[in-house]
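1. Pasting the sequence and the predicted coordinates here, then a few questions.
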Amino acid sequence: MRGHALTAEDRLRAQVIERLLCDFTIDPSAFEDRDAVHALTGPIASAWRGAVALDGAGSLQARSGIKHLV
């Protein structure tokens, strides 16, 4: 067997990052494990303070000025 075994958290993290890069938004209600997505959006918002906005419902959205960088 070759490769690296991904955990469920690894796969969820990949899905969250894919949604941000493709849709410029992360909506936790679109995922089965909303609590896990909430746990991921906070650190993303902290790391990318000027690039994304986090609302009270846990949705993360890329600010319009940075979309051209992706």
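-> Alright, I've got the coordinates. Residues are numbered from 1 along each chain as shown.
2. Isn't residue 59 up against residue 30?
-> No - with contact defined as CB atoms under 8 Å, residue 59 does not count as touching residue 30 (9.5 Å). From N, CA and C alone the C-beta is placed, and that goes for glycine too.
3. Just give the nearest non-adjacent residue to residue 26, would you?
-> Distances taken as CB to CB, 6 or more residues apart in numbering place residue 60 nearest to residue 26, at 4.2 Å, with adjacent residues excluded.
4. What is the burial count for that neighbour?
-> Residues near residue 60, counting by other CB atoms under 10 Å, number 24.
5. what's the answer for residue 58, then?
-> By other CB under 10 Å, 19 other residues sit near residue 58.
6. List phi and psi for it.
-> phi 90, psi 0 (degrees, to the nearest 10).
7. Give me the buried stretch members for the lengthiest helix in the chain, please.
-> Across the chain, the longest stretch assigned as helix under DSSP state H is helix 8-23. Using 16 or more other CB atoms under 10 Å as the test for burial, helix 8-23 gives 12, 13, 16, 19, 20.
8. From residue 61, how far off is the fourth one?
-> Using CB to CB, to the nearest Å, residue 19 is found at 11 Å from residue 61.
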